[in-house]
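*Asks:* how does the following fold in three dimensions:
(4 chains)
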There are 2 protein chains.
Amino acid sequence: MTPQPGARQRLLDAAEELFAAGGFAGTPVDAVLSRAGVAPATLYAHFGSKTGLQAAALAARLRRWDDAWAAAVAAAPDDRARLLAVFDALAAFRTSGTPSRWCAFLDAAAGAPADDGTAATALAEDTALLRGRLRELAAPLAGDRAAELAEHLLVVVSGALAMALRTDPAAATAQGRATAAALLDGWR
Amino acid sequence: MTPQPGARQRLLDAAEELFAAGGFAGTPVDAVLSRAGVAPATLYAHFGSKTGLQAAALAARLRRWDDAWAAAVAAAPDDRARLLAVFDALAAFRTSGTPSRWCAFLDAAAGAPADDGTAATALAEDTALLRGRLRELAAPLAGDRAAELAEHLLVVVSGALAMALRTDPAAATAQGRATAAALLDGWR
DNA sequence: GTCTATACCCGGATAGAC
DNA sequence: GTCTATCCGGGTATAGAC
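*Replies:* Numbering: from 1, shown residues only, chains lettered A, B, ... in the order given. Now for the predicted structure:
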């Protein structure tokens, strides 16, 4: 029998899902507590504050996203598919577990006051991951203009995420892939 | 001597600026009240709730954005420039008055609970405006594929707005324009 | 480490006078 | 219509026992 994970891990899992699904600001601490089956004091003993829990949950989510994306890249057959794999990974990642509304990292930054360091840091790390890997994957197709192409794709990925607020999220990622494909078709 | 605008208008102006700059959720009613120089009861007499004020402020903002974009289009010299004018309008609009953080309409939808009708409606109207005019402007360049091109540009515009959370907002609009230009360069 | 119970406070909204 | 003063709830955080 697999032992039940500790309260800390249950809090992290609950927070990651609920914050991604309902937004950080829109998710009361009570909701996380009841899902995790944990008392308030336990949360504050481990993470200090709701924001502290968010930071830990986002860090965990970033690792999961990193892995999911890498797996999608590994499964792609050629250079072009590897570059577009980010959208497949996005679609799969978004619906793993409770479907997320748009993007937990953008949500964190959008919801926090402008001077909040925690949310800004988490989003910055997500951005660095996106930019870095997009550059690597763009290199075979764009050569010394890989950074330029990666920047275009970063805009398209961010657009696909934001489009999830305007329309059905599944359609948003599909459209994002199509837009990126159109961009690649005309490249050079 | 120009008469001081009424309390209602001052509330709308204050709300539009503060909500765009600091986000709806992050802006307390008190901040709007003190900037407008108005008492709490006046706000609730006119708009019923903070959300009601938001709806009215977003409607006003949508009209202003519509006009600003139309003006940028009118000032553009050719078909291509007219299609890209949305980014110039965005840059100018964002810094008119108190600079907005990213996008007041996306912010409203992101911050509101998923079933909130008010914010969803405001964002839907913004999306309809974007999609409709982008299609018109895309027609001279894309002919019967104008809708397809417009959808790509809608993703890029949304991406430019979201990128304002990842990086400097001015750089975000500039990058968005560059990405759209790259897309147009390779079109067909 | 975890629980129960509670304190505290911020922020949206209202009462009633003018 | 507008003001001053106040209420009230939801939500974060803590005290103290086990």
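*Asks:* the helices in chain A, which residues?
*Replies:* A:7-22, A:29-36, A:40-47, A:50-75, A:79-95, A:104-111, A:117-142, A:146-166, A:169-185 (DSSP state H).
*Asks:* from DNA strand C, how far out is the spatially closest residue to residue A:68 that is not a sequence neighbour?
*Replies:* Take residue A:68 and drop its neighbours on the chain: the residue closest to it by Cβ to Cβ, 6 or more residues apart in numbering or on different chains is residue A:93, 4.7 Å away. Just so you know, the C-beta spots here come from the backbone N, C-alpha and C atoms, and that holds for glycine as well. Residue A:93 sits 29 Å away from DNA strand C, going by Cβ to the nearest atom of the strand, to the nearest Å.
*Asks:* tell me the contacts of residue A:93?
*Replies:* Applying Cβ atoms under 8 Å, 6 or more residues apart in numbering or on different chains, we find residue A:93 in contact with A:64-65, A:68-69.
*Asks:* can you redo the helices of chain A as JSON lines with distance to residue B:143 and mean pLDDT?
*Replies:* Converted to JSON lines, the helices of chain A look like this (distance: least, Cβ to Cβ, whole Å; pLDDT from 0 to 100):
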{"stretch": "helix A:7-22", "distance to residue B:143": "41", "mean pLDDT": "96"}
{"stretch": "helix A:29-36", "distance to residue B:143": "51", "mean pLDDT": "96"}
{"stretch": "helix A:40-47", "distance to residue B:143": "56", "mean pLDDT": "96"}
{"stretch": "helix A:50-75", "distance to residue B:143": "35", "mean pLDDT": "98"}
{"stretch": "helix A:79-95", "distance to residue B:143": "26", "mean pLDDT": "98"}
{"stretch": "helix A:104-111", "distance to residue B:143": "35", "mean pLDDT": "97"}
{"stretch": "helix A:117-142", "distance to residue B:143": "28", "mean pLDDT": "97"}
{"stretch": "helix A:146-166", "distance to residue B:143": "23", "mean pLDDT": "98"}
{"stretch": "helix A:169-185", "distance to residue B:143": "15", "mean pLDDT": "98"}
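*Asks:* would JSON lines of these with distance to residue B:133 be doable?
*Replies:* Shown next, in JSON lines, are those (distance: least, Cβ to Cβ, whole Å):
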{"stretch": "helix A:7-22", "distance to residue B:133": "33"}
{"stretch": "helix A:29-36", "distance to residue B:133": "40"}
{"stretch": "helix A:40-47", "distance to residue B:133": "46"}
{"stretch": "helix A:50-75", "distance to residue B:133": "35"}
{"stretch": "helix A:79-95", "distance to residue B:133": "26"}
{"stretch": "helix A:104-111", "distance to residue B:133": "25"}
{"stretch": "helix A:117-142", "distance to residue B:133": "30"}
{"stretch": "helix A:146-166", "distance to residue B:133": "15"}
{"stretch": "helix A:169-185", "distance to residue B:133": "18"}
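*Asks:* closest one to residue B:126 among those?
*Replies:* Residue B:126 lies closest to helix A:146-166 among the helices of chain A, at 8.3 Å (Cβ to Cβ).
*Asks:* which elements pack onto that closest one?
*Replies:* Counting contacts by 3 or more Cβ pairs under 8 Å, 6 or more residues apart in numbering or on different chains; DSSP states H and E, helix A:146-166 packs against helix A:79-95, helix A:104-111, helix A:117-142, helix A:169-185, helix B:104-111, helix B:117-142, helix B:146-166, helix B:169-185.
*Asks:* as TSV, the helices of chain A with distance to DNA strand D would be great.
*Replies:* Shown next, in TSV, are these (distance: least, Cβ to the nearest atom of the strand, whole Å):
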stretch	distance to DNA strand D
helix A:7-22	11
helix A:29-36	3
helix A:40-47	4
helix A:50-75	4
helix A:79-95	24
helix A:104-111	11
helix A:117-142	11
helix A:146-166	21
helix A:169-185	24
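*Asks:* so how many other residues sit close to residue A:48?
*Replies:* 12 (other Cβ atoms under 10 Å in any protein chain shown).
*Asks:* residue A:56 against residue A:50, yeah?
*Replies:* No: counting by Cβ atoms under 8 Å, no contact exists between residue A:56 and residue A:50, whose distance comes to 11.0 Å.
*Asks:* any idea how far apart the tips of stretch A:88-101 sit?
*Replies:* 17 Å (Cα to Cα, to the nearest Å).
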